[in-house]
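Visitor: What follows is a predicted structure for the sequence shown.
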There are 4 protein chains.
Amino acid sequence: VSDLEDLRQRMRAFTSERDWEQFHDPKSLLLAIIGEVGELSELFQWLPAADATDLARNDPLKSRVAEEMSDVLLYLVRLADVLDIDLHPAAVAKIEAAGERFTADEVRGTAPAKQ
Amino acid sequence: VSDLEDLRQRMRAFTSERDWEQFHDPKSLLLAIIGEVGELSELFQWLPAADATDLARNDPLKSRVAEEMSDVLLYLVRLADVLDIDLHPAAVAKIEAAGERFTADEVRGTAPAKQ
Amino acid sequence: VSDLEDLRQRMRAFTSERDWEQFHDPKSLLLAIIGEVGELSELFQWLPAADATDLARNDPLKSRVAEEMSDVLLYLVRLADVLDIDLHPAAVAKIEAAGERFTADEVRGTAPAKQ
Amino acid sequence: VSDLEDLRQRMRAFTSERDWEQFHDPKSLLLAIIGEVGELSELFQWLPAADATDLARNDPLKSRVAEEMSDVLLYLVRLADVLDIDLHPAAVAKIEAAGERFTADEVRGTAPAKQ
């Protein structure tokens, strides 16, 4: 079983055992994702940008970051399950579309500006 | 190769081909995750909570939701790669810890309140 | 002095007294805003949508919500100060532009869909 | 009339004229706040941290940032109105509490770590 499918099954069992399906509508799960993204942001907010990678590649920060990233992933996988969305093929399609939209020759070394 | 590893490799190649590693420090990737979570939120914000699941399980909304969820996942996988974090075992550890913290008998049918 | 100006001055003094200007670049303040939005989201995530207004209009939840909303506002005011943005006229201009874009007769009772 | 009260009244009138009160429950407004924070994040995500302040203090970026910050503020003010929360005194109380929690002598030049 693939690892996203494994997480989907684990989250589904976790939820079912606690009778928590009633809380897992999309808007609530989205707020849960945001709560976890917020906790992840708090770990990085005051770090100098140039030091953040090194600091977060080592403990104690690395373990905390891994925990919060896991929470984001788990709620994302749970939302996908509730909506019957298969994340891996959807993500592959998205990266392939991005590859056609931003061809390497045109954007090399330049971040596309959002406006 | 597992799903998450496949996405990690695809994002790494996509980034490298465009010479975009220079933009992928943790704080920047976090802002990118938030940008995509924001786009996902905009798809749901005005939907009645009771209808959101049904609406998002069908097109045209389902395709749009799958795209934005994919973007969140791809930037999350990319951040994990930059930080040398292996997401699947970290997420399994987190759900197992949650299972011990919130035992089914104690929390069945009740959402733990954040305070 | 207006209330947004009062908060601007208080945050500026608070920051200066602690020699924290060095941490208040825009990307860091944005992550701080997201951290506080995340804490606010956690207060609401599992509440039934239909009960959330009543619950949050009364203590103990009301006080907690007011605290987290205050944190969001304070970091937003601080970011505006760092960027020399005057929030009140900017917000008035934005709502007036929205009024022209979404005329009452055209959108009455219908939430504009994001796509 | 104070700045925040003026925005509150404008948002209330804007909402009422369009019969949009039905959409403005707390969870929906929170998702709207996050949508706008996401748009703000997209303006900054790929900017070098050291250049972000200068870039965002000048047009064309400054105008775009002011627009997105305004959207965040307007939805925050609207949520406060729905919940009958008076933001200015709440924010003053929060900053005064933070002043007691983080005394200048103890934290000067050091960002408190979140854990």
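Guide: Yes, it's here. This one's a predicted model, so the numbers in the text were calculated from it and none came from an experiment.

Visitor: residue boundaries of the helices in chain A?
Guide: A:3-17, A:26-44, A:52-56, A:61-82, A:87-101, A:104-107 (DSSP state H).

Visitor: looking at those, which one has the lowest mean pLDDT?
Guide: Ranked by mean pLDDT, the helices of chain A bottom out at helix A:104-107, which scores a mean of 90.

Visitor: still on that earlier bit, can I get the helices of chain A in TSV with mean neighbour count and distance to chain B?
Guide: In this view, the C-beta of every residue, glycine as well, is placed from N, C-alpha and C. Converted to TSV, those look like this (neighbours: other C-beta atoms under 10 Å in any protein chain shown; distance: least, C-beta to the nearest C-beta, whole Å):
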stretch	mean neighbour count	distance to chain B
helix A:3-17	18	4
helix A:26-44	25	4
helix A:52-56	18	4
helix A:61-82	22	4
helix A:87-101	16	4
helix A:104-107	12	4
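
Visitor: out of those helices, nearest to B:Ala50?
Guide: helix A:26-44 (10.0 Å; C-beta to C-beta).

Visitor: Can you spell out which helices and strands pack onto the closest one?
Guide: If you count contacts as 3 or more C-beta pairs under 8 Å, 6 or more residues apart in numbering or on different chains; DSSP states H and E, helix A:26-44 packs onto helix A:52-56, helix A:61-82, helix B:26-44, helix B:49-56, helix C:26-44, helix D:26-44.

Visitor: wait, what's in contact with the closest residue to chain C within chain A?
Guide: Closest residue of chain A to chain C, C-beta to the nearest C-beta: A:Gly38 (1.4 Å). By C-beta atoms under 8 Å, 6 or more residues apart in numbering or on different chains, the contact set of A:Gly38 is C:Ile34, C:Gly35, C:Glu36, C:Val37, C:Gly38, C:Glu39, C:Ser41, C:Glu42.

Visitor: do A:Leu4 as well
Guide: A:Leu4 touches A:Val77, A:Leu87, A:His88, B:Asp3, B:Leu4, counting by C-beta under 8 Å, 6+ apart.

Visitor: what's near enough to touch the fourth one?
Guide: Under the criterion of C-beta under 8 Å, 6+ apart, the neighbours of B:Asp3 are A:Ser2, A:Asp3, A:Leu4, A:Glu5, A:Leu87, A:His88.

Visitor: for those residues, which one is nearest B:Arg18?
Guide: Of those, the one sitting nearest to B:Arg18 (C-beta to C-beta) turns out to be A:His88, at 22.5 Å.

Visitor: Excluding residues flanking it in the chain, which one is nearest the closest one?
Guide: Spatially, and ignoring its direct neighbours in sequence, A:His88 is nearest to B:Asp3 (4.3 Å; C-beta to C-beta, 6 or more residues apart in numbering or on different chains).

Visitor: Leaving out sequence neighbours, find the closest residue to the most centrally placed residue in chain A.
Guide: The residue lying closest to the centre of chain A (C-alpha atoms, centre = their mean) is A:Leu73, at 4.3 Å. If the residues on either side of it in the chain are set aside, A:Leu73 comes closest to B:Ala91, at 5.2 Å by C-beta to C-beta, 6+ apart.

Visitor: surely A:Phe14 meets B:Ala97?
Guide: No - with contact defined as C-beta atoms under 8 Å, A:Phe14 does not count as touching B:Ala97 (11.3 Å).

Visitor: What distance do you get for A:Arg108 to B:Leu74?
Guide: Per C-beta to C-beta, to the nearest Å, A:Arg108 is found 20 Å from B:Leu74.

Visitor: Same list (the contacts of A:Leu4) but as CSV, adding distance to A:Asp59.
Guide: Listed next are the contacts of A:Leu4 as CSV, based on distance: C-beta to C-beta, whole Å:
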residue, distance to A:Asp59
A:Val77, 26
A:Leu87, 29
A:His88, 30
B:Asp3, 27
B:Leu4, 22
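
Visitor: which one of those residues sits closest to D:Ser63?
Guide: Using C-beta to C-beta, the contacts of A:Leu4 come closest to D:Ser63 at A:Leu87, 36.8 Å.

Visitor: Now A:Ala52: closest residue in space that isn't a chain neighbour?
Guide: Spatial nearest neighbour of A:Ala52, chain neighbours left out: B:Pro26 (4.4 Å); criterion: C-beta to C-beta, 6+ apart.

Visitor: Tell me who's in contact with the one you found.
Guide: Applying C-beta under 8 Å, 6+ apart, one finds that B:Pro26 lies in contact with A:Phe44, A:Leu47, A:Ala52, A:Thr53, A:Ala56, B:Leu79, B:Val82, B:Leu83.

Visitor: Was I right to think the residue nearest to the centre of chain A contacts A:Asp6?
Guide: No - in terms of C-beta under 8 Å, A:Leu73 does not count as a neighbour of A:Asp6; the distance is 11.8 Å.

Visitor: ok so, going back, with distance to B:Thr103 as extra columns, can I get the helices of chain A in JSON lines?
Guide: Listed next are those as JSON lines, based on distance: least, C-beta to C-beta, whole Å:
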{"stretch": "helix A:3-17", "distance to B:Thr103": "9"}
{"stretch": "helix A:26-44", "distance to B:Thr103": "20"}
{"stretch": "helix A:52-56", "distance to B:Thr103": "32"}
{"stretch": "helix A:61-82", "distance to B:Thr103": "18"}
{"stretch": "helix A:87-101", "distance to B:Thr103": "29"}
{"stretch": "helix A:104-107", "distance to B:Thr103": "51"}
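
Visitor: got the phi/psi numbers for A:His24?
Guide: Main-chain torsions, A:His24, degrees, to the nearest 10: phi -100, psi 50.

Visitor: ok, now A:Asp59?
Guide: According to degrees, to the nearest 10, A:Asp59 has phi -70, psi 150.

Visitor: pLDDT wise, what is it at?
Guide: At A:Asp59, the model reports a pLDDT of 96.

Visitor: again, but for A:Thr110
Guide: Looking at A:Thr110, the pLDDT reads 89.

Visitor: tally of neighbours for it?
Guide: The tally of other residues near A:Thr110 (other C-beta atoms under 10 Å in any protein chain shown) stands at 13.

Visitor: So what does it look like in phi/psi?
Guide: phi -130, psi 130.

Visitor: sorry, back to before: mind checking how far the residue nearest to A:Leu73 is from C:Asp59?
Guide: Noted for B:Ala91: a distance of 36 Å to C:Asp59, by C-beta to C-beta.

Visitor: Quick one: check stretch A:106-114 for contact with chain C.
Guide: No - counting by C-beta under 8 Å from any C-beta of the partner chain, chain C has no neighbours in stretch A:106-114; the shortest distance is 13.6 Å.

Visitor: contacts for that stretch?
Guide: Contact partners of stretch A:106-114, identified using C-beta under 8 Å, 6+ apart, comprise A:Phe102, B:Glu17, B:Arg18, B:Asp19, B:Trp20, B:Gln22, B:Phe23, B:Gly35, D:Glu42, D:Leu43, D:Gln45, D:Trp46.

Visitor: centre of the chain versus stretch A:27-35, how much separation?
Guide: Using C-alpha atoms, centre = their mean, to the nearest Å, the distance from the centre of stretch A:27-35 to the centre of the chain it belongs to is 12 Å.
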